[in-house]
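Engineer: structure of the sequence below:
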Amino acid sequence: MTEEHRDLNEPERPEPEDRPRRRTGGRSARVREAVLKATAELIAEQGHERIPIAEIAERSGVHQTSIYRRWRTTNAIVLDLSQERLASTWAIPDTGSLRGDLLTYAHRAAESMTGPDAAVLLRALIASVPLGGSGGTGDAEDAGAGGIPHPLPARGKDLQDMLDRAASRGEPRLDLLDVLDGILAPIYLRTLFHIPVMDDPYLTSLVDKVLAHTAS
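Structural biologist: Just a heads-up that it's a prediction; the model follows:
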């Protein structure tokens, strides 16, 4: 057994309830990376998110006690994985024009839905949306499973900031729901029902329809 494996397999020490959970640096980051990687692999292999923590522990080399202490449930791990995917693939663009921003965002959203685990993660993400929240602020009341802040409210705020930035330049004013209804919803629907072809012409047509509706 390697030193790294022994390090990951050693249970983490308890932390005070009021201390923020660590997310960067050192052993904590390596544990999170190993668990999320193992979870993504198992989801892709099994086609669902209902994976026992024991299997995640075996695949990742992280002790079950550490996983339970940090995430508590598999749903929380899946939510954390979804949050990681959003942060890494859905950076909010700033191209200098509203149409350019929307096209870039649409392409990034579509690309993030191409992996073998995309539909499963999307279902889990939608199922974990806080009750009564269509937008949210990313505050405590928007927390998802295991106390992890749900990524969608914060991402919605970032997206609205992008739209407001365009409006401040004198471009058409769009609301977050315009983008959700006209661009993200069709992409999500095709992902969930495994409908192929989300190429450049299709994504461009979604953006142009949203802009045309706003201008009408």
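
Engineer: for the protein, which spans come out with low pLDDT?
Structural biologist: Under the criterion pLDDT under 70, the flagged ranges of the chain are 1-25, 88-90, 129-151.

Engineer: what about the helices in it?
Structural biologist: Listed in chain order, the helices found in the chain under DSSP state H are 3-9, 26-46, 53-60, 64-71, 74-89, 98-112, 118-127, 151-168, 176-179, 185-192, 200-215.

Engineer: want to throw those into TSV with mean neighbour count?
Structural biologist: In short, each C-beta sits where N, CA and C put it, glycine included. Shown next, in TSV, are these (neighbours: other C-beta atoms under 10 Å):
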stretch	mean neighbour count
helix 3-9	13
helix 26-46	18
helix 53-60	17
helix 64-71	19
helix 74-89	20
helix 98-112	19
helix 118-127	19
helix 151-168	17
helix 176-179	18
helix 185-192	16
helix 200-215	15
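
Engineer: count of neighbours near Asp94?
Structural biologist: Using other C-beta atoms under 10 Å, the number of residues around Asp94 comes to 12.

Engineer: is it true that it touches Met162?
Structural biologist: Yes: assessed by C-beta atoms under 8 Å, Asp94 is found in contact with Met162 at 7.2 Å.

Engineer: what do these two both touch?
Structural biologist: Asp101 (C-beta atoms under 8 Å, 6 or more residues apart in numbering).

Engineer: do I have it right that Leu86 meets Gly156?
Structural biologist: No: with contact defined as C-beta under 8 Å, Leu86 does not reach Gly156; the gap is 11.0 Å.

Engineer: tally of neighbours for Pro116?
Structural biologist: 12.

Engineer: how much space is there between the nearest residue to it once chain neighbours are set aside and Leu206?
Structural biologist: Leaving out its chain neighbours, the residue that sits closest to Pro116 by C-beta to C-beta, 6 or more residues apart in numbering is Ala44, at 4.1 Å. Remark: distance between Ala44 and Leu206 (C-beta to C-beta, to the nearest Å) = 27 Å.

Engineer: returning to that earlier point: dump the residue contacts of the residue nearest to Pro116.
Structural biologist: Applying C-beta under 8 Å, 6+ apart, the residues near Ala44 are Gly115, Pro116, Asp117.

Engineer: Ala106 now?
Structural biologist: Residues near Ala106 by C-beta under 8 Å, 6+ apart: Ile183, Ile187, Leu203, Leu206, Val207.

Engineer: show me which of those is closest to Trp71.
Structural biologist: Among the contacts of Ala106, Ile187 lies closest to Trp71 (C-beta to C-beta), at 28.0 Å.

Engineer: isn't that closest one up against Ser112?
Structural biologist: No: with contact defined as C-beta under 8 Å, Ile187 does not reach Ser112; the gap is 9.1 Å.
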